[in-house]
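S.K.: Have a look at this fold, sequence not included:
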């Protein structure tokens, strides 16, 4: 089996090396074909690796003297952080040394840097952020864009639909993924100009299995394989969902810790609550993809802990194995030829 | 105490008279100043009232020969349903016979008809849909627009902010309600042109206590008293939240009904689960306001049952008591004079 090399921005995220390094070792243990390049302050990284057991032939350190701060502007990062762990990791993808990179760093800076260094695929105007969501039907659902673009045109959303469809088809082996547009109603007259015009573009092609509008309350039902929206809307939908889920979790926690009887109820309920948390745990879905680039870039949640970051690395492995950028390219070329 | 007369569209919603009539009787029982005009097919309504005890001096029937269907286009309803229960109920507000109207009917048709019949308040270009949300801090939060407008301008969002602020101040007695703009980040550079320009408009006035951007995951935290956004975004945020809440509810239900041990756990957990449901129960927040009109129009959820519909009537009573349209008018006039 061919080896896979992934560059990891070891300084990114809220926690940096203390989370990223153990996550990398965890990933190496679970994926025998994996080779990792830890990018960051070599002194810090060597210290973090001290005393830990790992195969030195599969884990190397690439020094980078700078790091992009979580609140740094994308423009500033692009201009003044040319030796940041993030930039160097992306450069390794550009030069072909690594087949993908993973970062928990500043999303805006990651998007801007990846776009600048790697460029978008032919026929794709803008990259998008796509992630997997849990659903009631137990199928995976992919939604994009989750915040890379805040002023998409119908053509952009159309391209997102094509990319999402390729991704769902390649990763989940769905022959003809059902693609829906997020809207505020089902009827043709509903929605803004953006969704109406995108619907027309999607109806005109055979290559995307466009299945119409979908409303916010259907996101988690699992009827759609891919849901397409502008990044502003997608980001709000994702975060609003997180917000109410945390609200409910806190109410349950508060209720179950009130007195000895509720604590007993919690004890008996533990398997149910654990199954619930496991089912909708954002850590298990960590690893959003910056799709549409000439290279694979996976964004981990900034606050990701070891398990979650390791999941983002796994996502990168899948994308490499499935040749996602090449497949999108081929699909777009096929569309453009028509 | 002065009596309050409210016109109720008795034919609207998924259930119509079998839900609306008992909800009205419930409301009459709980609000001694309330008088209701049931608008709809008089034969059907009389049949529904048969055998029920109520004060005939406080409940009258106004016949309307048509009803607006739930999937009817607003334009069609406006053009061909001039004697619909919805239209007649709104006419009663226009003529001053009723001080407010409540409908569980088709939102688009209700908005179009209310806007056509009642007109917007001076200085307000467009009405918005505003509703109350539960929050972790136990304070009420109001969000608008939830779907009346899908292509708002910065001026529209600015007006929504003014209206939301007046509403929170009048209903919840908050001297200077904290108004936030929904965005996909906190920093000034984040977001689309719409939010950036609205932020500038809000920063320029003293009358609105503008407190900056807020992200989707903060909607339920309760830091803001009012959250302002375009109707497309607000509608998606609201429905996505509903979607994940239903997902979690169903997972809990599934878990707790699996076997005798989990059923026992459910029994012991019942007070906790009931408290949870009570806290975020949409029925307790039923009754969105079509704000910005020269009259009070309350929209109940289409699927509302008796308790929820009665809550929408209560919302109408509060708005009448607090003189909401007049207060918004006064505030806008004060702003325009500057």
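M.R.: Right, received. Where do you want to start? All values reported here derive from a predicted model rather than from experimental measurement.
S.K.: can you map out the strands along chain A?
M.R.: Using DSSP state E, the strands found in chain A span residues A:4-9, A:34-40, A:59-63, A:100-103, A:128-133, A:141-144, A:178-182, A:209-214, A:226-228, A:288-291, A:296-299.
S.K.: shaky segments in the stretch 1-150 of chain A?
M.R.: A:1 (pLDDT under 70).
S.K.: among the strands of chain A, which is nearest chain B?
M.R.: strand A:178-182 (6.3 Å; C-beta to the nearest C-beta). C-beta coordinates here come from the backbone N, C-alpha and C atoms, glycine included.
S.K.: What helices and strands are in contact with that closest one?
M.R.: Secondary-structure packing of strand A:178-182 (3 or more C-beta pairs under 8 Å, 6 or more residues apart in numbering or on different chains; DSSP states H and E): helix A:154-172, helix A:193-203, strand A:209-214, strand A:226-228, helix A:231-256.
S.K.: Near residue A:260, how many residues? Count them for me, please.
M.R.: Counted with other C-beta atoms under 10 Å in any protein chain shown, the burial measure for residue A:260 works out to 7 neighbours.
S.K.: now residue A:221
M.R.: Residue A:221: 17 neighbours (other C-beta under 10 Å).
S.K.: hang on, it packs against residue A:137?
M.R.: Yes: with contact defined as C-beta atoms under 8 Å, residue A:221 and residue A:137 form a contacting pair (6.7 Å).
S.K.: which non-adjacent residue is nearest the residue nearest to the spatial centre of chain A?
M.R.: Residue closest to the mean C-alpha point of chain A, counted by C-alpha atoms, centre = their mean, is residue A:288 at 0.2 Å. Leaving aside its sequence neighbours, residue A:288 sits nearest to residue A:131 (C-beta to C-beta, 6 or more residues apart in numbering or on different chains; 4.0 Å).
S.K.: Tell me, how many residues neighbour the one you found?
M.R.: Counted with other C-beta under 10 Å, residue A:131 comes out at 20.
S.K.: list the buried ones in stretch A:319-338?
M.R.: Neighbour-count burial for stretch A:319-338 flags A:319, A:320, A:322, A:324, A:325, A:328, A:329, A:331, A:332, A:335 (criterion: 16 or more other C-beta atoms under 10 Å in any protein chain shown).
S.K.: the domain parsing of chain A - what is it?
M.R.: Domain assignment of chain A by automatic domain parsing yields the ranges A:1-124+A:292-338, A:125-282.
S.K.: for those domains, which one sits closest to residue B:157?
M.R.: domain A:125-282 (13.3 Å; C-beta to C-beta).
S.K.: and the closest one, how far out from the chain's middle?
M.R.: Remark: domain A:125-282 is offset 13 Å from the chain centroid, using C-alpha atoms, centre = their mean, to the nearest Å.
S.K.: and residue A:188, how many neighbours?
M.R.: Count around residue A:188 with other C-beta under 10 Å applied: 12.
S.K.: Around the spatially closest residue to residue A:168 that is not a sequence neighbour, how many other residues sit close by?
M.R.: Closest residue to residue A:168 apart from its sequence neighbours, by C-beta to C-beta, 6+ apart: residue A:177 at 3.8 Å. Counted by other C-beta under 10 Å, the residues lying close to residue A:177 total 24.
S.K.: Please determine how far residue A:177 is located from residue A:222.
M.R.: As judged by C-beta to C-beta, to the nearest Å, residue A:177 and residue A:222 stand 12 Å apart.
S.K.: so how far is residue B:229 from the residue of the stretch 1-150 of chain A found nearest chain B?
M.R.: Minimum separation of the stretch 1-150 of chain A from chain B (C-beta to the nearest C-beta) falls at residue A:150, amounting to 4.0 Å. Separation of residue A:150 from residue B:229 (C-beta to C-beta): 13 Å.
S.K.: These two: who's more crowded?
M.R.: Each of residue A:150 and residue B:229 has its neighbours counted (other C-beta under 10 Å); residue B:229 has more, 30 against 21.
S.K.: Just confirm that one contacts residue B:181, I think it does.
M.R.: Yes: using C-beta under 8 Å, residue B:229 is in contact with residue B:181, at 7.2 Å.
S.K.: Please enumerate the shared neighbours of the two.
M.R.: residue B:157 (C-beta atoms under 8 Å, 6 or more residues apart in numbering or on different chains).
S.K.: any chance of the domains of chain A in TSV, plus distance to residue B:255?
M.R.: Formatted as TSV, those follow (distance: least, C-beta to C-beta, whole Å):
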stretch	distance to residue B:255
domain A:1-124+A:292-338	22
domain A:125-282	3
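S.K.: which one of these lies closest to residue B:120?
M.R.: Short answer: domain A:125-282, nearest of these by C-beta to C-beta, at 20.4 Å.
S.K.: before we move on, the earlier item: next, the contact list for the residue nearest to residue A:168, please.
M.R.: When contacts are counted by C-beta under 8 Å, 6+ apart, residue A:177 touches A:164, A:165, A:168, A:169, A:209, A:225, A:226.
S.K.: Without its sequence neighbours, what residue ends up closest to residue A:311?
M.R.: Closest to residue A:311 by C-beta to C-beta, 6+ apart is residue A:286, at 4.7 Å.
S.K.: is residue A:37 in a bridge, and if so with what?
M.R.: residue A:7, residue A:60 (DSSP bridges).
S.K.: Hmm, it is touching residue A:62, no?
M.R.: Yes: using C-beta under 8 Å, residue A:37 is in contact with residue A:62, at 5.2 Å.
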